[in-house]
Structure formats: C-alpha cells, structure tokens
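Student: Next comes the sequence, and after it the predicted model I'd like to discuss.
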Amino acid sequence: MSSSADHYKQEILDYDTMLKSPNGRGVLKSLLHDTGVFQSSFSPDNQLLGAYGEGRRSVGLGLIEKLKAANIEKYYLLLKELDKDG
C-alpha cells in the first residue's frame with residue numbers, strides 16, 4: 001500500500017509530464033481558467049455565490065502550488081502562454 005507521501009510524489013511527477021507537453025499545458029490552462037484563480041470571487045450581492053467562487057478558486061490555488069513544485073520553469077512558461085492567449 002502506498003503512503004500519501006508516495007501519492008504526492010507521483011502526482012508531482014504527473015504534473016511535470018503535463019507541463020512539459022503543449023497539450024498538457026493546454027489542459028492545465030483550461031483548469032486554471034475554470035477555477036477562476038486569476039479573478040476575484042467576491043460577490044457583494046450573494047454570499048453563497050461568493051463562497052462557491054472562493055471554493056473553486058481554492059482548488060486552483062492548490063493546483064498552482066503543485067505545478068510550481070513539479071516544474072517552476074514550465075509553470076512560468078504556462079503563465080507566459082496564458083498572458084499571450086489573453
């Protein structure tokens with residue numbers, strides 16, 4: 001049985017593989033976009049909507065931390081591609 005540390009290491013290796021591939025970075029960019037990580041989740045008129053948005057954003061922030069741990073150089077490339085794509 002594998003430990004949670006082994007699972008985390010494998011997950012980081014998998015993200016590294018994705019970051020090295022243009023198609024993998026495309027999937028990751030889509031996930032980051034879908035989580036709303038680069039926008040505000042604040043909703044002054046609807047607290048539930050704000051909480052939902054903050055939960056989505058939290059998932060995206062966790063993904064960013066794993067991507068940075070996997071391959072910081074390729075993560076920066078992904079950010080450049082996001083900026084170029086608009």
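Tutor: On my side now, so go ahead.
Student: residue ranges with poor pLDDT in the protein?
Tutor: Low-confidence regions of the chain, defined here as pLDDT under 70, cover residues 1, 86.
Student: can you tell me which helix or strand the closest residue in space to Asp34 that isn't next to it in sequence belongs to?
Tutor: Counting by Cβ to Cβ, 6 or more residues apart in numbering, the nearest residue to Asp34 once its immediate chain neighbours are dropped is Arg56, at 7.6 Å. (C-beta placed from N, C-alpha, C; glycine too.) Secondary structure assigned from DSSP states H and E places Arg56 in helix 47-70.
Student: Which strands or helices does that helix pack on?
Tutor: Under the contact definition 3 or more Cβ pairs under 8 Å, 6 or more residues apart in numbering; DSSP states H and E, helix 47-70 sits against helix 4-19, helix 22-35, helix 72-85.
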